[in-house]
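Asker: Just the structure for this:
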Amino acid sequence: MTNTGGHDPGPTGDGRELAGAGFTHKEMRSMKATSLALLMASVVLSGTAQAEVTFEIIDVGYATDISADGSVVVGNTEGQYEPFRWTADGGIQILAAGGGAGSPDVSWDGTKVSASIPGADGTYWTQGRWTLGLGWEETMPPPPPDGTPMSDSYGSAWGLSDDGSTVVGLYWRSGHPGGSAHGSTWTRETGALGLGSSGGNSRANDANEDGSVIVGWDESDFGHWQPTVWVDGVKTILAEDEAFCEASAVLPDGSVVFGQALDDSTSLRVAARWIWNGTSWDEDLLGALPGLHPNFGMALCYDATTDGSVIVGYNRFSNPGDATGFIWTEDTGVIDVEDYLEDNGVTVPFDINILSLQAITPDGSIIVGICSDIYPPYTARWFFIHTQSTGIEDAGSEHVVSRVRAYPNPTHGATTLSLNIPESGRVELDVYDVSGRHVKQLLAGPVEAGTHEVHWDGRDASGVAVASGIYFCRLTNDDHRETRKITVLK
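Answerer: All right, here's what the predicted structure looks like:
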């Protein structure tokens, strides 16, 4: 669905220079889509086939998340809204008999799923985490100390950390002052914990790789949602706009938060990101597609590649049915996914209306989204967009599992690096600052195959504690080199 009316989409990549040079809007969209196709080809991991865009409707329902290699998709069924897990071999697997508010999420390895589910005896609703081979475990009861069920519900699940350890969402606190719902976080070790609020309601939408950085929204005094981040439980309001905005996603290392914010120059809710600069969060308004209604329109980021170079999301022009998915890159700005497909030789069936792009694999090779029939009963369906010629199985075989992870990250000083070494050999592990200066060598020598942990005490080679900021831990192992960003907060 191409919408060419309205104003320029926003301050980033809005095409005003091209328009001034005499290009039509269609020509501008075509050039942006062509540039995006080249970028999407470049973000796919090296060694994969040449990029070729394809569009494929997979099944009925609402897909909400995808595993790192694209082999597992989760979401809700149409009608009963039951949480499901899909694989190419097994198809749709219904995980629970009924579902409530919330959004199913899947861990990067595809073995864990979070969702809102009916309780064990069927008399209440709650959050849950499903594990392959083990089934469900409920995150509540017990709820946090101030939790009280509302309408037979303890709470709902809205997100899962990449490693599958942390479920986030909200819990009900009926009868308590300061909001009837507060954001929540759960791990098996801690149980359900409340994230608090500024005096009203709040909700957590997503968590980074290890659950140390959580994003969502917190209500203002006037009842509007404000995008919010909790770092190790400490809350920061990212944008104090009096509009219904939220933070919806976060990079694995916790350094960039995605969502939406109010553009004061247009009074529109546009896609946005917040980048940690070492001491605070810098807001970057990414824009929206032309034609947003000033009261009912909005653009919202849903997911991004691991390096943040490609962002996907939802662009609503007015009502929920008048919507489309968008793709953003630094070079192209926000573009309509249907324009991207058309300019890459892909024709969307005439009777299908694309509504949203929900998730993207870390390497950018597969996007999952939601569409619907344009005729009654307007059946909801979900689809894949492949940005390379290989299928799911081939994409999975090319996906390189990260060999170095850091936790906690962000950290107030010390952190632990977990190394996954597939074959014995020489390994070097070094820390650098943002200027490229070598800070400290943590490891240099032969290492046996397997998983190893290396501790960094947050100090440089001379023993002095490093300052707040962004650091990079580089692993070199045979022909493999990988860099992990570490954020130090003090």
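Asker: Going along the chain, name the strands of the stretch 301-450 of the chain.
Answerer: 311-316, 323-329, 333-336, 352-360, 366-373, 380-386, 404-407, 415-421, 425-433, 438-447, 450-456 (DSSP state E, counting those that start in this stretch).
Asker: comparing those strands, which gets the lowest mean pLDDT score?
Answerer: Looking at those, the lowest mean pLDDT belongs to strand 404-407 (a mean of 72).
Asker: now what about that strand, what contacts it?
Answerer: Strand 404-407 is touched from outside by 163, 209-210, 212, 253, 415-420, 429, 473, 475, 482, 484, 486, with contacts defined as C-beta atoms under 8 Å, 6 or more residues apart in numbering. The C-beta positions use only the backbone N, C-alpha and C, and glycine is treated the same way.
Asker: Kindly recompute the last result at 7 Å.
Answerer: 209-210, 415-419, 473, 475, 482, 484, 486 (C-beta atoms under 7 Å, 6 or more residues apart in numbering).
Asker: ditto for stretch 475-490
Answerer: 231, 253-255, 276, 402-406, 409-413, 415, 419, 421, 425, 427-429, 458, 466, 468-474.
Asker: send the alpha carbons of it over as PDB?
Answerer: Listed next in PDB are the C-alpha coordinates belonging to stretch 475-490 (Å, rounded to 0.1, in the frame of the first residue of the first chain):
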ATOM      1  CA  LEU A 475      37.800 -12.000  20.100                       C
ATOM      2  CA  THR A 476      40.300 -13.400  17.600                       C
ATOM      3  CA  ASN A 477      40.200 -17.200  17.100                       C
ATOM      4  CA  ASP A 478      41.900 -18.700  14.000                       C
ATOM      5  CA  ASP A 479      40.100 -17.100  11.000                       C
ATOM      6  CA  HIS A 480      37.200 -15.800  13.100                       C
ATOM      7  CA  ARG A 481      37.100 -12.200  14.500                       C
ATOM      8  CA  GLU A 482      34.200 -10.900  16.500                       C
ATOM      9  CA  THR A 483      33.600  -7.700  18.400                       C
ATOM     10  CA  ARG A 484      31.200  -7.300  21.300                       C
ATOM     11  CA  LYS A 485      30.200  -3.800  22.500                       C
ATOM     12  CA  ILE A 486      30.300  -3.200  26.300                       C
ATOM     13  CA  THR A 487      28.700  -0.200  28.000                       C
ATOM     14  CA  VAL A 488      30.200   0.900  31.300                       C
ATOM     15  CA  LEU A 489      27.900   3.000  33.400                       C
ATOM     16  CA  LYS A 490      29.100   4.800  36.600                       C
END
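Asker: any idea of the mean pLDDT in that stretch?
Answerer: On average, stretch 475-490 scores 76.
Asker: Would you confirm that residue 447 contacts residue 421?
Answerer: Yes. Contact between residue 447 and residue 421 holds when scored by C-beta atoms under 7 Å: they sit 5.5 Å apart.
Asker: Common neighbours of these two, please.
Answerer: residue 427.
Asker: what would the strands of the stretch 301-450 of the chain look like in a markdown table with distance to residue 268 and mean neighbour count?
Answerer: Formatted as a markdown table, the strands of the stretch 301-450 of the chain follow (distance: least, C-beta to C-beta, whole Å; neighbours: other C-beta atoms under 10 Å):
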| stretch | distance to residue 268 | mean neighbour count |
| --- | --- | --- |
| strand 311-316 | 11 | 26 |
| strand 323-329 | 14 | 26 |
| strand 333-336 | 12 | 25 |
| strand 352-360 | 18 | 23 |
| strand 366-373 | 23 | 23 |
| strand 380-386 | 26 | 21 |
| strand 404-407 | 37 | 20 |
| strand 415-421 | 39 | 19 |
| strand 425-433 | 38 | 18 |
| strand 438-447 | 43 | 14 |
| strand 450-456 | 43 | 13 |
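Asker: Is it possible to get CSV of the ones you listed that adds distance to residue 67?
Answerer: As requested, the strands of the stretch 301-450 of the chain are arranged in CSV below (distance: least, C-beta to C-beta, whole Å):
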stretch, distance to residue 67
strand 311-316, 16
strand 323-329, 20
strand 333-336, 26
strand 352-360, 9
strand 366-373, 10
strand 380-386, 13
strand 404-407, 17
strand 415-421, 17
strand 425-433, 27
strand 438-447, 28
strand 450-456, 20
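Asker: Let me know which of these is the nearest to residue 265.
Answerer: Minimum separation from residue 265 across those (C-beta to C-beta) falls at strand 333-336, 15.7 Å.
Asker: Using PDB, write out every CA atom in that closest one.
Answerer: C-alpha atoms of strand 333-336 as PDB (Å, rounded to 0.1, in the frame of the first residue of the first chain):
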ATOM      1  CA  GLY A 333      15.300   6.700   5.800                       C
ATOM      2  CA  VAL A 334      11.800   5.300   6.300                       C
ATOM      3  CA  ILE A 335      10.400   3.600   3.200                       C
ATOM      4  CA  ASP A 336       7.200   1.600   2.600                       C
END
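Asker: That one pairs with which strands?
Answerer: According to DSSP bridges, strand 333-336 has the following sheet partners: strand 323-329 (antiparallel).
Asker: Show residues contacting the strand it pairs with.
Answerer: Residues contacting strand 323-329 (C-beta under 7 Å, 6+ apart): 1, 36, 39, 271, 286, 289, 299, 309-317, 334-338, 340, 354-357, 369.
Asker: Dump it to CSV, restricted to CA.
Answerer: In CSV, the C-alpha atoms belonging to strand 323-329 read as follows (Å, rounded to 0.1, in the frame of the first residue of the first chain):
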residue,chain,number,x,y,z
ALA,A,323,-1.3,0.8,7.8
THR,A,324,1.8,-0.8,6.3
GLY,A,325,5.2,-2.0,7.3
PHE,A,326,8.3,0.1,7.0
ILE,A,327,12.1,-0.5,6.6
TRP,A,328,14.6,2.1,7.8
THR,A,329,18.3,2.5,7.1
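Asker: where in this structure is pLDDT low?
Answerer: 1-51, 388-403, 409, 434, 479 (pLDDT under 70).
Asker: Mind jotting down where the helices sit in it?
Answerer: 16-20, 25-43, 337-342, 392-398 (DSSP state H).
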